[in-house]
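A.B. asks: I'll drop the sequence and a predicted model, then ask my questions.
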2 protein chains.
Amino acid sequence: MNPNFCFIGAGNLATHLSKRLLNSGFSIIQVFSRTEKSAKILAKTLGCSFTNVPENITPDADIYIIAINDSSFDEVLAKINFHNKLVVHTSGSQPLSVLENSSSNYGVLYPLQTFSINFESDFHNIPVFVEANTAQNEEILLYIARKISSTVSVFSSEKRKYLHIAAVFACNFVNYLYTIAAELLKTKDIPFDVLRPLILETALKVQELEPERAQTGPAVRFDKNIISEHFEEIKGYNNYAELYYILSKSIFKHHYKTQK
Amino acid sequence: MNPNFCFIGAGNLATHLSKRLLNSGFSIIQVFSRTEKSAKILAKTLGCSFTNVPENITPDADIYIIAINDSSFDEVLAKINFHNKLVVHTSGSQPLSVLENSSSNYGVLYPLQTFSINFESDFHNIPVFVEANTAQNEEILLYIARKISSTVSVFSSEKRKYLHIAAVFACNFVNYLYTIAAELLKTKDIPFDVLRPLILETALKVQELEPERAQTGPAVRFDKNIISEHFEEIKGYNNYAELYYILSKSIFKHHYKTQK
């Protein structure tokens, strides 16, 4: 079994996943993107053809990978003829059934990771979650997923949705808190560098401990003096004081409830 | 110069810092804690004496390290005679001046890290920030700090306070978001393990990138469908939907403002 692929989409996820498939011995034969420039750049990296015209998408791929924004799904899918081949999306939040009108062979291959164009990810350690409409298509996706990742599971659409919500908290929102910290330091001309070891340690701790057991800081100690001093200090910066208050209150309530 | 130390406090920070000082060739001669059991445990680890009676604190230490909760500062300090030796606190939020009535020699040695009893920290990579009331005391603290850490800076009380607030966002609040993620996964019987690689990657990314450039997810794409679907899904769980909404709104506003 050595299927070849056509990529629908040329963004961060498409770039990292297609390169990983290529490095794992699979062939990518074409990249489609509505933005011609993006299609061209990725196709050049992969050494394949590209198009920005849905009608020119190749009929010769064995598997079509949909790696586009969730908000473009309906519009893009409606325009493409998949010739009843295996169509696979890569989204955390879209159910499997979103593909049921596109082909009679469809599935999901969801890598749980945050991809940025300018940062290389070690794909081998990224957990990949698959789902498919038939046992045979599931087998195909498991075969592919195991070639690119060491951690592969079959997950339902419902479970995958929760995985995605949890990832929004543990990755997207976390990164935003890093951003706030960087901004607060900047007001006193302190470089973000000083915080980097603490950020890494905080993530390393929960590689072993449950996060609930790793909680430290003024909120979990309920140190009212420090909390109100911090609150007053950052009142002028966007809504940071409001966030400080809500998160501190939540931490306290969480630990108070747990210990009762 | 080989000063010996007395520790006032026997919690997480006192434990990690005293062990590191011992490993770096310094002597710890006594541990004081109001909780006799904690004093005893730490003293046993360090091979020194202990007491829970302020009057029995040794007059023979060269340096007294205050490693107690911020909320206990006034009460504990008032009870101790420091014999005009060098008194050093380790708090992010207490100003240098909090020690001015305790001795005519005082300073701050603040390691920017999250310490848990059951997790070993690599102290060498922890940034340490010092401040002192005289140039001579600053020299002493720099000497000690450089023995235990590779990253040592002199920081004012004002800057240190911002460091601490930033650390609350980038460590304490971040860890709480990990906790929420773990709880949401638990509702669908998904083990926290699946999220650990993503958490580590998110922290690794900002070791190189500025966090603002590393932002991904539905909020920064302003994917309204996904955001409202997630919001509806988690409405029943504590205040998680409220947090989801506030953080998403803040991320969008932040990036919209920045790009204008």
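C.D. replies: That came through, no problem. What you see is a predicted model; the values in this text were computed from it and never measured.

A.B. asks: Number of residues surrounding the nearest residue to A:Thr51 once chain neighbours are set aside?
C.D. replies: Take A:Thr51 and drop its neighbours on the chain: the residue closest to it by CB to CB, 6 or more residues apart in numbering or on different chains is A:Phe32, 5.5 Å away. Heads up, the C-betas are built off the backbone N, CA and C, glycines and all. Look at A:Phe32: counted by other CB atoms under 10 Å in any protein chain shown, it has 27 neighbours.

A.B. asks: and the gap between A:Phe32 and chain B?
C.D. replies: Applying CB to the nearest CB, to the nearest Å, the value for A:Phe32 to chain B is 20 Å.

A.B. asks: in chain A, which spans are helices?
C.D. replies: A:12-23, A:36-46, A:73-78, A:135-148, A:157-167, A:174-186, A:196-208, A:211-214, A:218-221, A:224-233, A:240-259 (DSSP state H).

A.B. asks: And the fourth one, what's buried?
C.D. replies: For helix A:135-148, the buried set under the neighbour-count rule, 16 or more other CB atoms under 10 Å in any protein chain shown, comprises A:Asn137, A:Ile140, A:Leu141, A:Leu142, A:Ile144, A:Ala145, A:Ile148.

A.B. asks: Put the alpha carbons of it into PDB.
C.D. replies: Extracted as PDB, the C-alpha positions of helix A:135-148 are listed here (Å, rounded to 0.1, in the frame of the first residue of the first chain):
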ATOM      1  CA  ALA A 135     -13.400  -0.400   8.800                       C
ATOM      2  CA  GLN A 136     -11.400  -0.600   5.600                       C
ATOM      3  CA  ASN A 137     -10.900   3.200   5.400                       C
ATOM      4  CA  GLU A 138      -9.900   3.200   9.100                       C
ATOM      5  CA  GLU A 139      -7.300   0.600   8.400                       C
ATOM      6  CA  ILE A 140      -5.800   2.800   5.600                       C
ATOM      7  CA  LEU A 141      -5.700   5.800   7.900                       C
ATOM      8  CA  LEU A 142      -4.200   3.800  10.800                       C
ATOM      9  CA  TYR A 143      -1.500   2.600   8.400                       C
ATOM     10  CA  ILE A 144      -0.700   6.100   7.300                       C
ATOM     11  CA  ALA A 145      -0.900   7.700  10.800                       C
ATOM     12  CA  ARG A 146       1.500   5.100  12.200                       C
ATOM     13  CA  LYS A 147       4.000   5.900   9.500                       C
ATOM     14  CA  ILE A 148       4.100   9.600  10.600                       C
END
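
A.B. asks: quick one: contacts for A:Phe173?
C.D. replies: Going by CB atoms under 8 Å, 6 or more residues apart in numbering or on different chains, A:Phe173 touches B:Leu177, B:Leu243, B:Leu247, B:Ile251.

A.B. asks: Excluding chain neighbours, give the residue nearest to the third one in space.
C.D. replies: When the adjacent residues along the chain are set aside, B:Leu247 lies closest to A:Phe173, with 4.8 Å between them (CB to CB, 6+ apart).

A.B. asks: for the first one, same thing?
C.D. replies: With CB to CB, 6+ apart as the criterion, B:Leu177 has its nearest non-adjacent residue at 4.8 Å, and that residue is A:Phe169.

A.B. asks: wait, what's in contact with the one you found?
C.D. replies: B:Leu177, B:Tyr178, B:Ile180, B:Ala181, B:Leu184, B:Tyr240, B:Tyr244.

A.B. asks: give me that answer again for 10 Å
C.D. replies: Residues in contact with A:Phe169 (CB atoms under 10 Å, 6 or more residues apart in numbering or on different chains) are B:176-185, B:195, B:217, B:230, B:234, B:240, B:243-244, B:247.

A.B. asks: Give me the below-cutoff pLDDT ranges for the stretch 151-260 of chain A.
C.D. replies: A:258-260 (pLDDT under 70).

A.B. asks: circling back to that earlier point, out of the contacts of A:Phe173, the closest to A:Asp223 would be?
C.D. replies: Of all the contacts of A:Phe173, A:Asp223 sits closest to B:Leu177, with 20.3 Å by CB to CB.

A.B. asks: Next one: the closest one from B:Ile199, what distance?
C.D. replies: Distance, B:Leu177 to B:Ile199, by CB to CB, to the nearest Å: 10 Å.

A.B. asks: who touches both of the two?
C.D. replies: Contact criterion CB under 10 Å, 6+ apart; residues shared by B:Leu177 and B:Ile199: A:Ala170, A:Cys171, A:Val174, A:Pro211.

A.B. asks: now that we have the residues you listed, which one has the most neighbours?
C.D. replies: A:Val174 leads the shared contacts of B:Leu177 and B:Ile199 on contacts (other CB under 10 Å) with 31 neighbours.

A.B. asks: one step back: which of the contacts of A:Phe169 are buried?
C.D. replies: Using 16+ other CB under 10 Å as the threshold, B:176-185, B:195, B:217, B:230, B:234, B:240, B:243-244, B:247 are the buried ones among those.

A.B. asks: rewinding a little: most packed of the helices of chain A?
C.D. replies: helix A:174-186 (a mean of 24; mean count of other CB atoms under 10 Å in any protein chain shown).

A.B. asks: got a markdown table for the shared contacts of B:Leu177 and B:Ile199, with distance to chain B too?
C.D. replies: What follows is the shared contacts of B:Leu177 and B:Ile199, written out as a markdown table (distance: CB to the nearest CB, whole Å):
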| residue | distance to chain B |
| --- | --- |
| A:Ala170 | 4 |
| A:Cys171 | 5 |
| A:Val174 | 5 |
| A:Pro211 | 4 |
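
A.B. asks: Could you find the two of the residues you listed that are most distant from each other?
C.D. replies: A:Cys171 and A:Pro211 (13.6 Å).

A.B. asks: which residues do these two both contact?
C.D. replies: Joint contacts of A:Cys171 and A:Pro211 (CB under 10 Å, 6+ apart) are B:Leu177, B:Ala181, B:Leu195, B:Ile199.

A.B. asks: How about the residue located most distally from the centre of chain A, nearest residue that isn't a chain neighbour?
C.D. replies: Centroid-distance maximum for chain A: A:Asn225 at 38.7 Å, with CA atoms, centre = their mean. Residue nearest to A:Asn225 in three dimensions, not counting chain neighbours: B:Ser71, with 6.2 Å by CB to CB, 6+ apart.

A.B. asks: That neighbour contacts A:Glu229, correct?
C.D. replies: No. B:Ser71 lies out of contact with A:Glu229 (CB atoms under 10 Å); the separation is 11.6 Å.

A.B. asks: Which residues are in contact with each of the two?
C.D. replies: A:Pro218, A:Asp223.

A.B. asks: Report the closest residue of the stretch 51-200 of chain A relative to chain B.
C.D. replies: A:Asn172 (3.1 Å; CB to the nearest CB).

A.B. asks: which residues touch the residue found closest to that residue once you drop the neighbours it is linked to in the chain?
C.D. replies: Among residues not flanking A:Asn172 along the chain, B:Gly217 sits closest, at 3.1 Å (CB to CB, 6+ apart). By CB under 10 Å, 6+ apart, the contact list for B:Gly217 reads A:92, A:114, A:164, A:167-169, A:171-173, A:175-176, B:223, B:226-227, B:248, B:251.
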